[in-house]
Structure formats: C-alpha cells, structure tokens
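*Asks:* just need the structure, nothing else, for what follows:
(chains A and B)
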Amino acid sequence: MLIEFDRVSVAFEGTIALDDVSVKLDQKRIGVIGLNGSGKSTFARLLNGLVKPTSGSVFVGGVNPAEDAKAARAQTGFIFSNPDVQIIMPTVLEDVAFSLRGSGLKKAEIDAKSRAILSRFEIEHLADQAAHSLSSGQKQLLAICAILVTEPKLIVADEPTALLDLVNSRRIARALLSDLPQQIVLVTHDLELAAGCDILVRFAGAKIVQIGEPSTVISSYLAENA
Amino acid sequence: MTFVKPLNSSLIHRAAPGPKLLALILLITAISIELPFIDDTIKPWIPACGLLFTAALYALAFPGVGKFLEQVWNLKLLIALISIPQLLFGTPLATVLSATVRLTDAMLLAALFSLTTKTRDLLDSIESALGAKWLSPLTRLGLKPATVSLAFAMTMNAIPMIMKFLNQTKEAQSARGVKPTPVRMTIPLLVASLKYADEYAEALTARGVEV
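*Replies:* As a prediction, this is how the structure comes out:
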C-alpha cells in the first residue's frame, strides 16, 4: 500500500509535533527512528486517524484517515507500546474474538478464527486464561493476535518492544518482521529491530531528516547523537 | 469476582446467562428483604437457610466445599467491615448476625454467578436483553446495547489494572521510606488511573470502538 504524506503539519496546543512532512512510502517493512519528541509517534498515529493533520493531507492505500477513520481503521491495525491498555476483554480468547464482533461471522467461526491466530503465535494454550495475568511478552503477542485476526493490510506498531525484556523483544520482532504477510510501519528506539526493516525513516525536530537503507540511517543517527 | 473463563461443565455452568442473572437477582432479593407473610418464628432462620442453599449451589457447581470456603475467606475483610462497627455501636448480636449473613450470602451468590459465567456469554445476554422489544423506548432514547455491554467489560477489566496501580504506588512509596496511607496514595493512584483511561480510550479507538 502506498503511504503518502503531502505537506503534513500537526500542532498540539501551540507545540509543533510534525512540521511540513512530505513523503511517499510503499516498502513492506518501514522502520521509523528518532529521539523522543521528534515526531515518530505523531507520524504513526496519522496513519489510522488517531491524530488529524493541522494542515496537509495523508493517504494510506488511497484512504484519507482524517476523513474516513472507519475505513482507515479497517485496513490498519495499531499496536501500542503498553499491552495493558490494549486488552478489552477479560480472557485471552475473548479479547481476540472481540475484534471480530460485528464482522458478521457466526460465534463458532469467530472462535475458530481466534484460536487459529493464537495457535499461529503459539499462545493457544493461554486461550482461557485471564488476559491481565499474562506476562508482558504474552500480552504483546495477544495484542498482535487481536489486531491480526481482523486481517488488516497495514500494521502500525508504536514502540512495541519498549516494555519488554530481550527474549520477549526478539519474539515480538520475529513475529512482526519475519512472520507477517502485512506491510508494517515500525516505530522503535531498538536499533537492532530497526535494522531488520527494508527502509528507515529518521525523524528529528518534527521533520523527516533522512530516509534510506537501515545501515546508513542508523550510522548517521548514532554519529549525530554520540 | 473472577476474570477467568469457567472450565467446569456443571448444570450451573451450563445454564443460560440471562435466566441465571434473573435467578441471582431473585435470590438476592429474597434474602435481603423481610417478606411480611412469613411467620415470625421462621424469619430468624432465613439468612442461615439462604447461606446453606448457597453452599449447596457451590457444591453443585464445584466438587466439595473448598470453593465455597475459599470465597467466604475472600470476603473476610468485608465481613469484618460490616459486623465490627455494628457491634461497637451496640447493635444486638442477632441483628448484626442477620445483616452480615444476608450481605455475605448476596456477595457469595454474585461470586458464584461470575465464577460460572463466560464474560462473552454474559455480554451477549446483556446486549440481547437490552435489544428486546419491551426496552425499545430506552434504545430510542440513545441507550445502545453494545455500548452498555462494552462498558460492563471495560469495568471488569479496569479492576485488575487499578489493583496493579495500587500495588505500584504502595511499592514506590515504601521504597522511598514513606508509609503508604490511603491519603498519600489517592493522588498518585488518580493520576495513574487517568493516564490509563487516556491510553485505553486511544487503544479502543484504534480497534475501531468509538468511545
């Protein structure tokens, strides 16, 4: 899907979060890096309409999220850094199944589809457990399952490994970068994770300052912030 | 209240959530009010009979008396909170016993309901009940069955989160050498809960739920 930003600016209460950003991206695994407050998360939130541009326009696969948020959210799944806030239903299976409410599928079909996605990420044995009793890594996998079960075309992950240990970070990285057929926009501070993307977009001071091969972008990022 | 899907398959587990909820309301009402047509010699025994009946329901749902006793133990603080102040204010022992047993019994019945009912089934029943024809005036006034059931699920979900914040606040204050008290914990707990509410609302929106 083509992600297109045309002179997009976002301001919150006088603070400029994104400043006149124009970019076209269609790679499968797009990494987004930059310091805190550089505009990465605002960029990610614009993709499914969680944030609306103050000026300019955003198109994702031909859909303008600011004008048609419902269509944008149907095609874009969003994974947050804190898995706790993503859990809506009390148990693992119910939380995944919740994503399919209103899909027109029968209860048995919803259950089967939910179990299939849990099985794919090797957490089907947790299906009947209380979601809040899971470890952080398991909760993040649950959040990914709850998004993927709706079969979105694009996944936006905003620092999905920020609260995880090394083992769980690598598990999530594998899940997002190796196993998914979907296009992904991955916002991260984890440069090892960023290195696994097809292209990196670097933000600084609310602007895109560099786009290119991960190794090149990471080298200049490290050099500038040494 | 439990948040884990029941795995047992007793008669109580298999009962439809709607009638089960109705039975719960009727039972709680029966043990809570003093019916005027009941003989005075029988009245003092009603709370105890109610408790025995609840124990029998637990035995029907779970083998043995372990689950019933576990739930009673879970209510120990509540039982103390109900009974001790009444005794301190000089309320007659029989009255204190009657009130405490009635309230404990109501809590035990509610716990039994939540222990034996899948959340999703309960939400479906709430939605279908609110969508019933005789409640259509409420729907026309803006009451959305899906929103009510979602609010119910969110409330259930918020409880473990608030408990988590409470423990984090306690630990943080203890680590800094401050004895955690309800007054000292109120503001941090409120701030953490409000931050959680903001992030939760954003995550709900991202999952296509309009709040």
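*Asks:* tell me which other helices or strands the helix or strand of chain A with the lowest mean pLDDT touches.
*Replies:* Sorting the helices and strands of chain A by mean pLDDT, DSSP states H and E puts helix A:166-177 at the bottom, at a mean of 85. Applying 3 or more C-beta pairs under 8 Å, 6 or more residues apart in numbering or on different chains; DSSP states H and E, one finds that helix A:166-177 contacts helix A:136-148, strand A:183-187, helix A:191-194. Every residue, glycine included, has its C-beta placed from N, CA and C.
*Asks:* out of the ones you listed, nearest to B:Phe165?
*Replies:* helix A:136-148 (15.8 Å; C-beta to C-beta).
*Asks:* and that closest one, C-alpha only, in CSV?
*Replies:* Output in CSV follows, covering the C-alpha atoms of helix A:136-148 (Å, rounded to 0.1, in the frame of the first residue of the first chain):
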residue,chain,number,x,y,z
SER,A,136,4.3,-8.5,29.2
GLY,A,137,5.6,-10.5,26.3
GLN,A,138,2.5,-12.7,26.2
LYS,A,139,0.2,-9.6,26.4
GLN,A,140,2.0,-8.0,23.5
LEU,A,141,1.6,-11.2,21.5
LEU,A,142,-2.1,-11.2,22.4
ALA,A,143,-2.3,-7.5,21.2
ILE,A,144,-0.8,-8.6,17.9
CYS,A,145,-3.2,-11.5,17.6
ALA,A,146,-6.2,-9.3,18.4
ILE,A,147,-5.1,-7.0,15.5
LEU,A,148,-4.1,-9.7,13.0
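*Asks:* and chain B, is that helix touching that?
*Replies:* Yes - using C-beta under 8 Å from any C-beta of the partner chain, helix A:136-148 comes into contact with chain B via A:146-147.
*Asks:* now do the helices in the chain.
*Replies:* You didn't pick a chain, so chain A it is. In chain A, helices defined by DSSP state H lie at A:40-46, A:69-75, A:92-98, A:107-120, A:136-148, A:166-177, A:191-194, A:214-224, listed in chain order.
*Asks:* wrong one, chain B
*Replies:* B:11-14, B:17-32, B:46-61, B:66-74, B:76-88, B:93-115, B:119-130, B:136-140, B:145-175, B:182-206.
*Asks:* can I get those helices in JSON lines with distance to chain A?
*Replies:* Converted to JSON lines, the helices of chain B look like this (distance: least, C-beta to the nearest C-beta, whole Å):
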{"stretch": "helix B:11-14", "distance to chain A": "13"}
{"stretch": "helix B:17-32", "distance to chain A": "14"}
{"stretch": "helix B:46-61", "distance to chain A": "17"}
{"stretch": "helix B:66-74", "distance to chain A": "16"}
{"stretch": "helix B:76-88", "distance to chain A": "22"}
{"stretch": "helix B:93-115", "distance to chain A": "10"}
{"stretch": "helix B:119-130", "distance to chain A": "5"}
{"stretch": "helix B:136-140", "distance to chain A": "17"}
{"stretch": "helix B:145-175", "distance to chain A": "4"}
{"stretch": "helix B:182-206", "distance to chain A": "4"}
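*Asks:* show me what from chain A comes close to chain B.
*Replies:* A:48, A:50, A:70, A:73-74, A:77-78, A:80, A:82, A:84-91, A:93-94, A:97-99, A:101, A:128-132, A:146-147.
*Asks:* weed out the non-buried ones from those residues.
*Replies:* Among the residues of chain A next to chain B, those classed as buried by 16 or more other C-beta atoms under 10 Å in any protein chain shown are A:48, A:50, A:73-74, A:77-78, A:80, A:82, A:84-91, A:93-94, A:97-99, A:101, A:129-132, A:146-147.
*Asks:* inside strands: which ones of those?
*Replies:* A:77-78 (DSSP state E).
*Asks:* so what's A:Phe80 up against?
*Replies:* By C-beta atoms under 8 Å, 6 or more residues apart in numbering or on different chains, the residues touching A:Phe80 are A:86, A:143, A:158, A:160, B:199, B:202-203, B:206.
*Asks:* out of those residues, which comes closest to A:Leu35?
*Replies:* Nearest member of those to A:Leu35, counting by C-beta to C-beta, is A:Asp158, at 15.0 Å.
*Asks:* and that closest one, how many neighbours?
*Replies:* 22 (other C-beta atoms under 10 Å in any protein chain shown).
*Asks:* what separation do you get for B:Leu150 and A:Thr150?
*Replies:* 17 Å (C-beta to C-beta, to the nearest Å).
*Asks:* got it, and A:Ala157?
*Replies:* In terms of C-beta to C-beta, A:Ala157 sits 15 Å off from A:Thr150.
*Asks:* the two: which is more packed in?
*Replies:* Legend: neighbour count by other C-beta under 10 Å for A:Ala157 and A:Thr150, higher for A:Ala157 (26 against 18).
*Asks:* look up the closest residue to that one, ignoring the ones flanking it.
*Replies:* A:Ile79 (4.2 Å; C-beta to C-beta, 6 or more residues apart in numbering or on different chains).
*Asks:* that neighbour reaches A:Leu148, doesn't it?
*Replies:* No - judged on C-beta atoms under 8 Å, A:Ile79 makes no contact with A:Leu148 at a distance of 9.7 Å.
*Asks:* overlap in contacts of these two?
*Replies:* A:Ile155.
*Asks:* compare the two (neighbour count), which wins?
*Replies:* More crowded of A:Ile79 and A:Leu148, by other C-beta under 10 Å: A:Ile79, with 26 against 22.
*Asks:* contacting residues for the more buried one?
*Replies:* A:Ile79 touches A:86, A:140, A:143-144, A:147, A:155-158, A:160, counting by C-beta under 8 Å, 6+ apart.
*Asks:* quick check: the two most widely separated of the residues you listed?
*Replies:* It's A:Gln140 and A:Val156 that sit farthest apart of the contacts of A:Ile79, by C-beta to C-beta, at 14.5 Å.
*Asks:* skipping adjacent residues, who's closest to B:Arg120 in space?
*Replies:* A:Glu94 (4.9 Å).
*Asks:* so where's chain B uncertain?
*Replies:* Under the criterion pLDDT under 70, the flagged ranges of chain B are B:1-8, B:35-36, B:131-136, B:210-211.
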